[in-house]
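Novice: quick check, what structure comes out for this input:
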Amino acid sequence: MPIRAVLWDIDDTLFDYTGADRAGMRRHLAAEGLIDRFATVDQALGRWREITDAHWLRFAAGETDYLGQRRDRTRVFLGAELTDAEADAWFGRYLGHFESAWTLFPDALAALDGLAGDYRQAVLSNSSSPVQDRKLRVLGVRDHFEAVVCAAEVGAAKPAAAAFHAACDALALPPAEVAYVGNEPDIDAGGAVAAGLAGIWLDRGRLGGRPDLVRIADLAELPGLLRGDTRFGALSAIG
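Specialist: Take a look at the predicted model:
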């Protein structure tokens, strides 16, 4: 079957999440008077990302809700017993600094525009729909997508097949007619393949080493990749 639609991951695929997180955390630590708690900003960011990953796994497992994981991340990072209101306020101030650094990757808009005439496009993200919908609007690309499907509303997170299938259902297409593009080899590309989609790993760091996955290093490669084959018939030569 031909590919009729492209599903996108957002964070660290279209949007430079890591860059914005680093810049935002630097500004936030300085504003909160916390800069001296850590040897470097990178150390603080590493701790923040470690805590984020751990609590996202709890959310994905159904052990907490979306707001709960944000509050718990804040409490663990600060090492403080905060009320929900206090945790929400601290996280809200962090978001202000984070959002001030939002930007698309340089190759993102050209890729979205280049596919627009031939492929339907939508988003599948391990986040919440209000958060990601707003992000896409601020970044100026929301109109490229028919749907924004997120784990918080679906009740399943990538790499679970249910998450991918929910996004395909939103497009009213079978998984075999949908490609998924994301920066995580297992969560994104591997999960998509296991769910019956065509998975494409965006390997921006040029790590390689995954011959089992279709890989691109830049989104400029994507339109030619999709148009070059029917159901990726010759993609084993890539990456």
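Novice: give me the distance from the longest helix that the chain contains to the chain's centre.
Specialist: Assignment by DSSP state H gives helix 41-60 as the longest helix of the chain. With C-alpha atoms, centre = their mean, to the nearest Å as the basis, helix 41-60 stands 15 Å off its chain's centre.
Novice: what's the answer for stretch 114-128, then?
Specialist: Offset of stretch 114-128 from its chain centre (C-alpha atoms, centre = their mean): 12 Å.
Novice: what's the span of it, first residue to last?
Specialist: Chord length of stretch 114-128, first to last residue, is 27 Å (C-alpha to C-alpha, to the nearest Å).
Novice: next: stretch 103-118.
Specialist: Stretch 103-118 has an end-to-end distance of 26 Å (C-alpha to C-alpha).
Novice: now that stretch, how far from the centre of its chain.
Specialist: In terms of C-alpha atoms, centre = their mean, the centre of stretch 103-118 is set 16 Å apart from its chain centre.
Novice: which parts of that stretch are buried?
Specialist: Across stretch 103-118, burial judged by 16 or more other C-beta atoms under 10 Å covers 104-105, 107-109, 111-112, 114-115. Where you see a C-beta, it was placed from the backbone N, CA and C, and this is true even at glycine.
Novice: name the residues that touch the longest helix of the chain?
Specialist: Here helix 41-60 makes contact (C-beta atoms under 8 Å, 6 or more residues apart in numbering) with 21-22, 25-26, 29, 34-35, 37-38, 64-66, 68-69, 72-73, 76-77, 126, 151-152, 157.
Novice: may I see the PyMOL selection of the buried members of those?
Specialist: Remark: buried members of the contacts of helix 41-60, expressed as a PyMOL selection using 16+ other C-beta under 10 Å:
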select buried, resi 21+22+25+26+29+38+64+66+69+72+73+76+77+126+151+152+157
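Novice: the contacts of helix 41-60 in helices, which ones?
Specialist: Per DSSP H, the subset of the contacts of helix 41-60 in helices is 21-22, 25-26, 29, 66, 68-69, 72-73, 76-77, 151-152.
Novice: closest to P211 among the residues you listed?
Specialist: Closest approach between these and P211, by C-beta to C-beta: A151, at 28.8 Å.
Novice: quick revisit: can you list the ones in helices among the contacts of helix 41-60 in CSV and add distance to R4 and pLDDT?
Specialist: Output for those, formatted as CSV (distance: C-beta to C-beta, whole Å; pLDDT from 0 to 100):
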residue, distance to R4, pLDDT
D21, 34, 88
R22, 37, 88
M25, 40, 89
R26, 43, 89
L29, 46, 92
Y66, 31, 85
G68, 37, 94
Q69, 34, 94
D72, 40, 96
R73, 38, 95
V76, 43, 96
F77, 43, 95
A151, 24, 91
A152, 27, 87
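Novice: quick one on the thing from earlier: and the angle for the longest helix of the chain with helix 66-78?
Specialist: Here helix 41-60 points in a direction 150 degrees away from that of helix 66-78 (axes from the mean of the first three to the mean of the last three C-alpha atoms, to 10 degrees).
Novice: any idea how many residues pack against R58?
Specialist: Look at R58: counted by other C-beta atoms under 10 Å, it has 14 neighbours.
Novice: all set, thanks.
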